[in-house]
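Undergrad: kindly generate the corresponding structure for this input.
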Amino acid sequence: WIEFAPAAPEWCEVAVYEPKAHGFRPEEPWDRSLEERAADAFRVMRPAFETHARGGVSEGAPFAFLSHGVGGQLVALVAQRLRRELSLEPLVVFANDGPAPNCHTLSDRGYELLCRDVYDFYYRFQPETFRQYQKLGKGTKAAEALLQKWSRGLRMFEEHSRRCMKRADPVYHKFRCDLHLLIAKPTQDFDAFVEQCPPEVRKEYDRRREVTASPGTSGLNWTRDMLSRWEAWTEERFVVHEVEAEHTAIKNHKLMRDIVFKELAGFCGMDY
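TA: All right, here's what the predicted structure looks like:
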């Protein structure tokens, strides 16, 4: 998000949440659940939220939520508490190539492996991370910190989605605003041309298939149908954008920023 904030137009302020054990909070303990992280996010961001609430310096001013990947699950929890405690609603929500809370990322086999053997899991699920781990040196502080960062975060989100799916109503919060889903088109299209890739790439994708929750022979984190579960999370318009950027790049891609800032500009009567 470091690249995103300074790219915002001058009429748009950007507030970024930094979780515990990340970035400038490295010495703070890891959250034990996504609910605990959401409580921390609400506490940290509350001063910014209160400026929009009754009596705040920006009372009634519009604001939006933007997430990337599984971060949309955190947004749903924070938004639920924001409504309950400050009676605030976002103007619009952008889910940037990531699933709703009622969507698993991992198959049961993948989740079991993540909990039992994180090394084998990343060998299958994210081979680039596994190679980076090997390069840093198994057992070294840097290598173990790398795997911990990826595995603990993923497990936290995966367990939240599994708890969510056990609820009587998995859709525990409905946004009262438009919800825009941005889909990384090149990533979605990978299933269609993986057979044209070199043998080693195909082997890696075969290993990946058994640990992801995507159906059939797909090895994607989430298919289009899985991502579209966000539609149930809003009472207003659900808008889908197919973006020509892969999953990692879309986080700060200009195409993504143009969609977000043009939408906000239209709502606020500003130029972009």
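Undergrad: going forward, measure contacts between C-alpha atoms and count neighbours the same way
TA: Fine.
Undergrad: give me the pLDDT value at residue 231.
TA: Turning to residue 231, the model gives it a pLDDT of 99.
Undergrad: burial count for residue 122?
TA: 23 (other CA atoms under 10 Å).
Undergrad: how about residue 197?
TA: For residue 197, the neighbour count with other CA under 10 Å is 11.
Undergrad: which residues of this structure fall in helices?
TA: 34-50, 71-86, 108-116, 118-125, 127-136, 141-165, 185-188, 190-193, 199-209, 224-227, 254-268 (DSSP state H).
Undergrad: mind listing what's buried along the fourth one?
TA: Looking back up the chat, that one is helix 118-125. 118, 119, 121, 122, 123, 124, 125 (16 or more other CA atoms under 10 Å).
Undergrad: also the third one?
TA: Judged by neighbour count (16+ other CA under 10 Å), helix 108-116 contains these buried residues: 110, 111, 113, 114.
Undergrad: quick revisit: return the most buried member of the helices of the chain.
TA: Highest mean neighbour count of the helices of the chain: helix 118-125, a mean of 20 (counted as mean count of other CA atoms under 10 Å).
Undergrad: check what pLDDT the residue lying farthest from the centre of the chain gets.
TA: Distance from the C-alpha centroid of the chain peaks at residue 55, with 31.9 Å (CA atoms, centre = their mean). The score at residue 55 is 95. That number is its pLDDT.
Undergrad: and residue 144, by the same measure?
TA: 88.
Undergrad: also residue 103?
TA: 98.
Undergrad: for it, grab phi and psi.
TA: phi -140, psi 110 (degrees, to the nearest 10).
Undergrad: surely it and residue 230 touch.
TA: No - contact criterion CA atoms under 8 Å: residue 103 and residue 230 do not qualify, at 9.2 Å.
Undergrad: circling back to that earlier point, can I get the helices of the chain in CSV including distance to residue 95?
TA: Shown next, in CSV, are the helices of the chain (distance: least, CA to CA, whole Å):
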stretch, distance to residue 95
helix 34-50, 17
helix 71-86, 6
helix 108-116, 23
helix 118-125, 23
helix 127-136, 24
helix 141-165, 15
helix 185-188, 14
helix 190-193, 21
helix 199-209, 24
helix 224-227, 9
helix 254-268, 10
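Undergrad: all good on my end, thank you.
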